[in-house]
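Participant: Model the following, please.
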Amino acid sequence: MTGTGNIVIIGNGMVGHYCAEQLVMQGLHERHAIHVFGEELHDAYDRVHLTDYMTGRDARALCLHMEDFHAAHGITLHRGTRITGIDRAEKTLSSAEGILPYETLIIATGSTPFVPPVPGNTGTAGLVYRTLDDLDMIHAAAEGASRGVVIGGGLLGLEAANALTGLGLATSVIEFAPRLMPVQLDDEGGKALKHRIEALGIEVHTSHATREIIPGETCRHRLVFSDDTFLETDVVVFSAGIRPQDKLARDCGLDIGPRGGIIIDNACRTSDPDIFAIGECASWHGQIFGLVAPGYAMARTVASLLAGEDAAFTGADMSTKLKLLGVDVGSIGDAHGATPGSQSYRFIGEAEGSYRRLVLSSDGKHVIGAVLVGDNSYYDTILQYVQNGIKPPSDPAALILPRGEGAELLGADSLPDTATICSCHNVTKGSVCSAIDNGCADLATLKQETKASTGCGGCTALLKSVFETELEARGITVDRSLCEHFSYTRQELYSLVRVHGIQTFEELMAQHGNGGLGCDICKPTVGSILASAWNKPITDPLYIPLQDTNDTFMANMQKNGTYSVVPRIAGGEITPDKLIVLGNVAKKYGLYTKITGGQRIDLFGAQLHQLPDIWSELLAAGFETGHAYGKSTRTVKSCVGSTWCRYGVQDSVGKALDLENRYKGLRSPHKLKFAVSGCTRECAEAQSKDVGVIATENGWNLYVCGNGGMRPRHAELFATDLDSETLVKYIDRFLMFYIRTADKLQRTSVWRENLEGGLDYLKDVIIRDSLGICSELEQQMQLVVDRYHCEWRDALTDDEKLKRFRTFVNDSRPDPNIRTLPERDQIKPADNQPEKTFSSGPKAWTELCKESDLVKKSGVVAWHDGNQIALFYLPKTDKAEARVYAIDNHDPFSNANVIGRGIMGDLKGQKVVASPLYKQHFSLEDGQCMEDPTICLRTWETRLTDGAVQIKEKTPQSADTLVPA
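Facilitator: Predicted coordinates:
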């Protein structure tokens with residue numbers, strides 16, 4: 001290998017990869033050849049969440065970058081390649097690939113686990129918890145085992161204990177020190193943590209030194225302690241600390257610290273000015289940092305310096321907030337009170353095993369540290385007091401007293417712009433404010449743009465608080481009122497509907513609304529809530545005005561105003577006879593056909609008046625509605641499973657059929673997709689679905705909250721080896737809890753990202769019933785299941801409902817604007833034609849249709865002398881006479897004739913219709929577009945006389961003043 005000007009990073013862990021990202025952000029990849037060497041074959045992955053891998057998450061899900069990151073930026077990644085030597089004089093590196101020159105070298109080799117020289121620490125008695133390969137070895141060792149031991153009660157040791165319990169092993173933790181987490185916690189904190197972890201069924205042995213490991217009598221191994229006591233186990237995992245991986249630096253003569261580690265200055269330079277060291281392999285002022293955030297700070301420093309900017313590493317905050325085995329643990333600043341003269345306040349809750357310690361400076365004017373065990377809700381506030389030198393309250397103890405005892409919470413508005421919100425990615429409050437000023441309007445986007453809360457995740461609650469506070473400061477409403485008609489969130493409206501048994505939109509508006517007709521936001525939302533709660537037919541006249549066009553006509557509207565038809569094909573399983581029926585229907589009605597990603601067949605191009613005839617034939621052949629038009633359960637994709645496949649371990653098709661038939665018809669805030677795979681080869685792609693099920697030899701693994709789409713998200717393993725009954729029970733609870741608490745149009749993935757407490761909280765609610773609502777959630781789901789009905793069958797058996805399926809209520813012709821072109825032996829829609837001329841309207845009152853042709857609080861379309869006229873009907877009430885509005889049916893933004901299928905409502909005091917395609921609003925009084933004042937649709941005068949709708953041309957309005965589509 002040859003070349004000059006190379007920047008080389010040795011190490012492809014979290015810090016090494018982050019450094020590569022920072023070099024790219026500084027534009028250095030455009031001026032230098034960048035090489036990254038990693039000994040592992042894996043791409044850089046998230047070591048902070050290694051335990052997720054033990055619970056079934058794959059390496060790809062833990063990857064820190066998109067697959068094409070290196071290629072896209074011209075970076076050469078050398079996977080599985082170990083650097084064997086550094087020649088500082090020649091400025092070259094040696095590896096199995098050859099010699100590579102460097103201009104700048106960045107060592108990010110991290111650390112290695114320390115395994116004490118205990119006799120017998122080999123094989124399954126000498127495992128470590130550091131890399132994915134290590135975890136694979138632990139997983140293999142757990143096969144056929146019943147007991148596991150972790151030697152080391154620090155952060156990583158407790159994570160390892162969590163992993164062993166997740167593998168079904170009875171687990172013990174052995175700690176040499178007199179308390180758990182001796183670096184972060186004081187004696188009382190360690191005692192409280194031990195109490196809580198033992199309550200979970202894990203044995204904790206402190207002040208125990210392992211003398212030797214010998215063969216066991218009842219298990220594989222026997223740990224013999226220095227006091228001659230012993231403990232038998234099948235698996236031993238060492239987590240007794242780390243040692244800087246500094247051998248390369250030692251061998252090439254770089255200065256090494258007394259306790260190991262490559263000595264660096266404030267610029268992260270080693271004793272060789274062309275070599276930098278970052279992360280756990282570096283020793284700064286005699287200190288080695290074992291957290292990822294300091295390594296990231298070092299990487300930013302190096303990248304800035306190489307880009308010609310001033311930068312310095314000045315240390316790092318070692319505060320830590322995490323959940324170990326479901327127990328909150330927090331350590332901030334000088335947690336031990338080692339500062340001379342420091343004074344402490346303590347709160348001990350013996351009953352629940354909680355402990356909080358607040359450390360103040362000797363003069364009491366500064367908060368300098370804290371320990372929290374059992375409740376981290378105090379963490380964010382105390383951290384900001386420490387980091388920003390904020391003066392403590394008059395009674396500092398208030399910061400750790402139970403809420404309601406005078407505790408003073410630090411508001412997000414009190415923080416300076418320099419306050420660090422996310423220490424992993426160095427995101428300050430000022431960075432959050434800048435993102436908001438640049439148009440960031442939701443929390444998920446904020447995380448994506450700033451990377452805040454995507455490292456260890458400890459800042460999630462604080463980030464949310466700052467984000468919402470800053471939105472409010474800019475005059476942006478953050479109360480999440482659904483719209484101007486309801487001063488409630490979707491979650492609150494759902495609760496009101498359930499608690500008060502509300503069955504209609506009118507009831508909800510009268511009891512909890514702000515008055516008016518509603519709008520295209522609240523109507524579909526409430527329609528979905530009512531369907532989720534009671535599963536009444538959406539074809540009922542009470543619910544028709546609430547539905548978007550897809551639900552109104554139970555088909556998906558396409559760009560030319562036609563619809564697609566998607567019958568249910570549960571689990572993707574279909575008979576040849578049914579395939580023939582679909583082919584015959586498509587051929588008869590001239591429809592375009594396509595296999596969907598969810599293993600169904602989509603039939604495109606049906607006009608409104610054709611839908612009942614098409615569905616009559618499909619129902620007669622045994623099909624039913626596929627709900628492809630609704631925010632509801634769409635599909636349950638499956639492989640063939642053990643029925644046919646030689647790798648299958650369970651009947652995935654049968655399980656997919658069971659799940660789809662159970663949850664079909666379930667309405668939700670967003671569409672839902674499921675998949676069932678018959679083995680871990682995952683042919684059904686279950687881990688990209690809202691609900692994914694993967695077969696194991698012992699049952700089913702359940703994954704939740706994944707999705708494809710614009711922003712893909714890998715599903716997370718929720719529970720393992722479930723029997724069929726428990727699987728359904730958990731899915732029932734999960735779906736109903738999502739429906740109950742999600743925002744409007746919020747996917748399960750986004751809901752999960754915004755869920756405080758994350759997956760652990762969700763498990764607490766769904767598996768451990770922490771809120772005491774699981775029985776209620778199951779009953780709610782059973783009500784929906786019991787009330788299932790095929791909506792198309794309902795419509796086809798009711799003449800009143802069928803009257804809506806007419807292109808024109810007073811004429812049998814089809815829409816003349818719908819045209820198609822041939823393509824690949826099928827059809828595609830031709831471009832919609834704009835209206836080029838206006839036909840004159842009737843000068844005198846002319847009957848258009850019957851009042852009985854109208855739909856209350858909704859629209860139909862009539863034909864008159866070349867005009868397509870959308871009619872919206874408000875029936876008579878105690879306060880007003882019946883009223884009909886007449887407006888042009890032609891949507892000027894899409895050139896499709898669809899305005900009559902939009903939602904009727906009111907906005908800012910005006911009666912409006914929302915276009916069903918792109919949601920622009922048009923005044924029903926004068927046709928003015930609310931989003932674009934240059935656009936105005938024609939309107940006509942109307943009146944109701946003797947049960948008939950009459951119209952005439954509006955005299956103040958002429959074609960010259962209108963903007964044709």
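
Participant: CA only for contacts and neighbour counts going forward, please
Facilitator: OK.

Participant: Am I right that A914 is in contact with G518?
Facilitator: No. A914 is not in contact with G518 according to Cα atoms under 8 Å; the separation is 11.6 Å.

Participant: So if I had to pick from these two, which one is more boxed in?
Facilitator: Set A914 next to G518 and count neighbours by other Cα atoms under 10 Å: G518 wins out with 27 against 24.

Participant: Check the secondary structure at the more buried one for me.
Facilitator: coil (DSSP: H, G, I helix; E, B strand; the rest coil).

Participant: Flag the shaky bits of the stretch 601-750 of the chain, pLDDT-wise.
Facilitator: Along the stretch 601-750 of the chain, segments meeting pLDDT under 70 span 709-712.

Participant: let's see it at 90
Facilitator: The stretch 601-750 of the chain contains residues with pLDDT under 90 at 628-630, 646-647, 665, 680-682, 687-688, 706-716, 743-747, 749-750.

Participant: any chance you could map the strands in it?
Facilitator: 601-606, 633-638, 672-677, 691-696, 699-704, 716-722 (DSSP state E, counting those that start in this stretch).

Participant: To A267, which of those lies closest?
Facilitator: Across those, A267 has its closest neighbour in strand 716-722 (39.5 Å, Cα to Cα).

Participant: List the contacts of that closest one.
Facilitator: Contact with strand 716-722 is made by 52, 55-57, 687, 696-706, 759, 763, as judged by Cα atoms under 8 Å, 6 or more residues apart in numbering.

Participant: on that earlier part again, kindly reformat the strands of the stretch 601-750 of the chain as a markdown table containing distance to Y885 and mean neighbour count.
Facilitator: Formatted as a markdown table, those follow (distance: least, Cα to Cα, whole Å; neighbours: other Cα atoms under 10 Å):
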| stretch | distance to Y885 | mean neighbour count |
| --- | --- | --- |
| strand 601-606 | 28 | 22 |
| strand 633-638 | 36 | 28 |
| strand 672-677 | 37 | 29 |
| strand 691-696 | 45 | 27 |
| strand 699-704 | 46 | 24 |
| strand 716-722 | 50 | 21 |
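
Participant: Ignoring the adjacent residues along the chain, who's closest to the spatially most central residue of the chain?
Facilitator: For the chain, the residue nearest the mean C-alpha position is S749 (2.9 Å; Cα atoms, centre = their mean). With sequence-adjacent residues excluded and distances taken as Cα to Cα, 6 or more residues apart in numbering, S749 is closest to C705, at 4.5 Å.

Participant: wait, what's in contact with the one you found?
Facilitator: By Cα under 8 Å, 6+ apart, the contact list for C705 reads K689, D690, V691, R713, H714, A715, E716, T748, S749, R752.

Participant: Of the strands of the stretch 601-750 of the chain, which is nearest L482?
Facilitator: Of all the strands of the stretch 601-750 of the chain, strand 672-677 comes closest under Cα to Cα, at 21.8 Å.

Participant: and the direction of that closest one versus that of strand 699-704, what angle?
Facilitator: Using axes from the mean of the first three to the mean of the last three Cα atoms, to 10 degrees, the inter-axis angle of strand 672-677 relative to strand 699-704 is 150 degrees.

Participant: Run through who's touching strand 672-677.
Facilitator: Against strand 672-677 from outside (Cα under 8 Å, 6+ apart): 631-639, 641, 652-653, 655-656, 683-686, 689-695.

Participant: run the last query once more with 7 Å
Facilitator: With Cα atoms under 7 Å, 6 or more residues apart in numbering as the test, strand 672-677 has contacts from 632-639, 641, 652, 656, 683-686, 689-695.

Participant: same question, stretch 609-621
Facilitator: Residues from elsewhere that reach stretch 609-621 (Cα under 7 Å, 6+ apart): K578, V585, L796, F805, R806, T807.

Participant: Could you do stretch 333-349 as well?
Facilitator: With Cα under 7 Å, 6+ apart as the test, stretch 333-349 has contacts from 184-186, 318-319, 354-362, 368-371, 397, 400-401.

Participant: can you rerun that using 6 Å?
Facilitator: 186, 319, 355-362, 368-371 (Cα atoms under 6 Å, 6 or more residues apart in numbering).

Participant: Lowest-confidence one in those residues?
Facilitator: When those are compared by pLDDT, S319 scores lowest at 79.

Participant: Mind checking which of the contacts of stretch 333-349 are buried?
Facilitator: For the contacts of stretch 333-349, a burial check counting by 16 or more other Cα atoms under 10 Å picks out 186, 319, 355-361, 368-371.

Participant: could you redo the residues you listed as JSON lines and give each row secondary structure and distance to Q343?
Facilitator: Listed next are the buried ones among the contacts of stretch 333-349 as JSON lines, based on DSSP: H, G, I helix; E, B strand; the rest coil; distance: Cα to Cα, whole Å:
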{"residue": "D186", "secondary structure": "coil", "distance to Q343": "14"}
{"residue": "S319", "secondary structure": "coil", "distance to Q343": "19"}
{"residue": "Y355", "secondary structure": "strand", "distance to Q343": "17"}
{"residue": "R356", "secondary structure": "strand", "distance to Q343": "14"}
{"residue": "R357", "secondary structure": "strand", "distance to Q343": "10"}
{"residue": "L358", "secondary structure": "strand", "distance to Q343": "8"}
{"residue": "V359", "secondary structure": "strand", "distance to Q343": "6"}
{"residue": "L360", "secondary structure": "strand", "distance to Q343": "5"}
{"residue": "S361", "secondary structure": "coil", "distance to Q343": "6"}
{"residue": "I368", "secondary structure": "strand", "distance to Q343": "10"}
{"residue": "G369", "secondary structure": "strand", "distance to Q343": "10"}
{"residue": "A370", "secondary structure": "strand", "distance to Q343": "11"}
{"residue": "V371", "secondary structure": "strand", "distance to Q343": "13"}
